[in-house]
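>>> Give me a model of this one.
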Amino acid sequence: MKLLFGCVARVHVLRRENANRPGGFLLAANHISHFDPFIISSVVGRKIDWMTMAEFFRSPVVGFFLRAVDAFPADRDRADRKTIRTAIERLKASRVVGIFPEGGIRDGAHSLLQGAPLRPGAATLAHIARVPILPCVILGSDRLYSMKSRKLSGLRRTPIWIAFGNPISHFPELQKSEARERIEYELAAAFKNLYAELQQKFRLTTDDLPHPPRERFGERRRVRALKSGPVAAASPHTKIARFAASGIDGLLCASMNLLQSRHRLNGRSRQDMEHYVAGCERLTAQEYYLAPDDIDLAKQFEDGRATVTWRSPIETQFPANNIARSDFFPCGKGTSAPTVFLLHALMSASHIGYRRCAARFNALGWNACFVHLPYHYSRVPRGYWNGELAITADLIRNAEGLRQGVIETRQLMARLRERGCEEFGVLGASYGGWIGALLAMVEPDFRFVALMAPIVNVEHAIWGSPASRFMRRELHRANVEPSLVARHFHLSSPLHNDPLCDSARLLFVTGEFDLIAPAEQIEAIHQKWRGSELLRVRQGHFGYRMMRETMAQLKERGDL
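Residues are numbered from 1 along each chain as shown. You can find the predicted model right below:
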């Protein structure tokens, strides 16, 4: 490795002597490329036993090579006792164990260099093994992905910068929880300080700082982060795609207005709305979406049932909608495996695509819950279409439906926590994305929240969307003005609130030609929920490309 990287890279190292200290210690580094462990090992005099993703060991050739250099597998989705025991044994034997606390390749706001939270484990290992943690920051290794930069540089080697910090004590005098918090605090601060030191000492430019591997590869993919600035002239292919997407969106908007015409308001609707809003104004989001702890799903989970049902905490006039339901797709690791909630779109045409998506998550070691949102699938009252009653001119029913969806999902999360599940994900589309965003406002424990074309601005959804023309006409007829509706935005409009979960866990995906959840609305919440990621897909509000691109992006981020 020294010979190989010596030919293609010029490595600058700060405080190399800290990594050559005697005794066992845990080396914790940021992760920006697949080259990191090899480059770091090449500049350290002592051999490092790297904790490596278990997926790499599935290949016989790669697995043989990794074991030959004393790397050992780690499951990112759960606390593997064998991995923990191996790491502790090697640390106590005065060896060096290398770990990436981010759990995968990270850059920008998703990196611990810019304040993203550390994944649990490093602090606990150090405290149990009673060894220090040595922080390490590496920059520039992601530039080795770029063929363009190598061609331009000719015979010049790519510069890479590494800084080792001072060892952080395992704080034996403190209790386990206090020691872990202190170690994590010290480690997070050390990463930020080393990152700033490298930038200042070597006068690094924006190009020197971490970028996504896809961007370094120079791939011209259709999914991109939205950027400000002038937009290039549309190609004929783009114009055709826009025309087709707009046509489909327009047709479905007309269909939604036609269905809404079946639900007219009466003269008392304004008084009802005023009474409802007055009662909600005193509530916080946590109070409004409080999940009662009065359901027992243990037996259903133990039996491995494909369908989990319980009585909804919110009663409506439709008995079918009062039974909450979720189709549970286990991955084979039990209920302690991480779980993703699949939240479907409004009037979703079929559940088949979501079931296929659940199978993909199962293959990646995730359980999947396909949640039947209010007034959809098994919860459709007789005589109505799938989802027809979820969004109409009856804003109170709309709000209570959203409330049902959020509360019932929180109840599922609580029961799964009791069964040992510690990590959750959300994959929501349109209406389901709206509910997913509301969940992010009240729940902190998410590995990722991927929201595809979500409804995030209720003000626009009611008063500006082409899908709600009939709704607006009914509201105007009933003298329900925007100012009255706005009094509920602190509970129902994600754009008017902030997330409780870490923004770096959020992935917003927007369609370039979306008429219902326009790109500028998604960009607005991306700007407000600082640290979130925003991707753009060449489609309208309705389409299947977005799901494929979102799954690919989640894998690239290291969330799966």
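>>> got the contact list for the residue nearest the centre of the chain?
The residue lying closest to the centre of the chain (C-alpha atoms, centre = their mean) is Phe448, at 2.1 Å. Taking C-beta atoms under 8 Å, 6 or more residues apart in numbering, we find Phe448 in contact with Gly425, Val426, Arg505, Leu506, Leu507, Leu554, Arg557, Asp559. All C-beta spots, glycine's among them, are computed from the backbone N, C-alpha and C.
>>> Top of the residues you listed by number of neighbours, please.
Val426 (28 neighbours; other C-beta atoms under 10 Å).
>>> and it, what are its bridge partners?
Counting by DSSP bridges, Val426 forms beta bridges with Phe341, Val449.
>>> could you check the distance from it over to Gly543?
Separation of Val426 from Gly543 (C-beta to C-beta, to the nearest Å): 20 Å.
>>> Show me how far stretch 393-412 is from its chain's centre.
22 Å (C-alpha atoms, centre = their mean, to the nearest Å).
>>> Setting the sequence-adjacent residues aside, check what's closest to Met347.
Gly387 (3.6 Å; C-beta to C-beta, 6 or more residues apart in numbering).
>>> I meant to write Phe38 there.
Met1 (4.8 Å).
>>> Show me the contact partners of stretch 358-370.
Stretch 358-370 is touched from outside by 75, 77, 308, 326-333, 335, 337-342, 344, 351, 354-355, 357, 412, 421, 425, 551, 560, with contacts defined as C-beta under 8 Å, 6+ apart.
>>> Could I get the full set of helices for the stretch 301-450 of the chain?
Ranges of helices within the stretch 301-450 of the chain are 352-363, 395-418, 431-442, based on DSSP state H, counting those that start in this stretch.
>>> so which of those is the most packed in?
Here the criterion is mean neighbour count by mean count of other C-beta atoms under 10 Å, and of those the winner is helix 431-442, at a mean of 26.
>>> Mind picking out the helix or strand in this structure with the poorest mean pLDDT?
helix 147-153 (a mean of 50; mean pLDDT, DSSP states H and E).
>>> what's the longest helix in this structure?
When the chain is parsed with DSSP state H, its longest helix is helix 176-202.
>>> Ramachandran coordinates for Ile314?
phi -110, psi 120 (degrees, to the nearest 10).
>>> Can you name the residues that contact it?
Counting by C-beta under 8 Å, 6+ apart, Ile314 touches Asn322, Glu400, Arg403, Gln404, Ile407.
>>> Then Tyr544?
Tyr544 touches Gly353, counting by C-beta under 8 Å, 6+ apart.
>>> Ala461 too?
Ala461 makes contact with Ile455, Ser468, Ala517, according to C-beta under 8 Å, 6+ apart.
>>> Once you drop chain neighbours, what's closest to Ala129?
Take Ala129 and drop its neighbours on the chain: the residue closest to it by C-beta to C-beta, 6+ apart is Leu91, 3.9 Å away.
>>> ok now the host helix or strand of that neighbour, how far from the chain's centre?
Under the criterion of DSSP states H and E, Leu91 resides in helix 81-92. Put simply, helix 81-92 sits 30 Å off its chain's centre (C-alpha atoms, centre = their mean).
>>> partner strands of the next helix or strand after it, parallel or antiparallel?
Per DSSP H and E, the first helix or strand lying C-terminal to helix 81-92 is strand 96-99. The pairing partners recorded for strand 96-99 under DSSP bridges are strand 25-29 (parallel), strand 48-53 (parallel).
>>> okay, now Arg419: neighbour count?
Neighbours of Arg419 (other C-beta under 10 Å): 14.
>>> And it, how far from Phe508?
Relative to Phe508, and taking C-beta to C-beta, Arg419 is found at 30 Å.
>>> that older thread, buried only: go through the contacts of stretch 358-370 for me.
77, 308, 326-331, 335, 337-342, 344, 351, 354, 357, 412, 421, 425, 551, 560 (16 or more other C-beta atoms under 10 Å).
>>> Point out where the stretch 201-350 of the chain drops to low pLDDT.
For the stretch 201-350 of the chain, the stretches flagged by pLDDT under 70 are 213-239, 266-268, 298, 301-305.
>>> redo that, cut-off 80
Across the stretch 201-350 of the chain, the ranges flagged by pLDDT under 80 are 212-246, 248, 264-269, 294, 296-306, 349-350.
>>> now the strands: where do they sit in it?
Remark: strands assigned in the stretch 201-350 of the chain by DSSP state E, counting those that start in this stretch are 307-311, 323-329, 339-343.
>>> what packs against the last one?
Applying 3 or more C-beta pairs under 8 Å, 6 or more residues apart in numbering; DSSP states H and E, one finds that strand 339-343 contacts helix 352-363, strand 367-372, helix 395-418, strand 424-429, helix 431-442.
>>> Put together a markdown table for these, with distance to Ala245 on each row.
Shown next, in a markdown table, are the helices and strands packed on strand 339-343 (distance: least, C-beta to C-beta, whole Å):
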| stretch | distance to Ala245 |
| --- | --- |
| helix 352-363 | 18 |
| strand 367-372 | 26 |
| helix 395-418 | 26 |
| strand 424-429 | 16 |
| helix 431-442 | 18 |
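>>> now those as a markdown table including mean pLDDT and distance to Arg16?
As requested, these are exported to a markdown table (pLDDT from 0 to 100; distance: least, C-beta to C-beta, whole Å):
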| stretch | mean pLDDT | distance to Arg16 |
| --- | --- | --- |
| helix 352-363 | 89 | 42 |
| strand 367-372 | 95 | 45 |
| helix 395-418 | 95 | 44 |
| strand 424-429 | 96 | 40 |
| helix 431-442 | 97 | 42 |
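>>> Of those, which is nearest Ile84?
helix 395-418 (21.1 Å; C-beta to C-beta).
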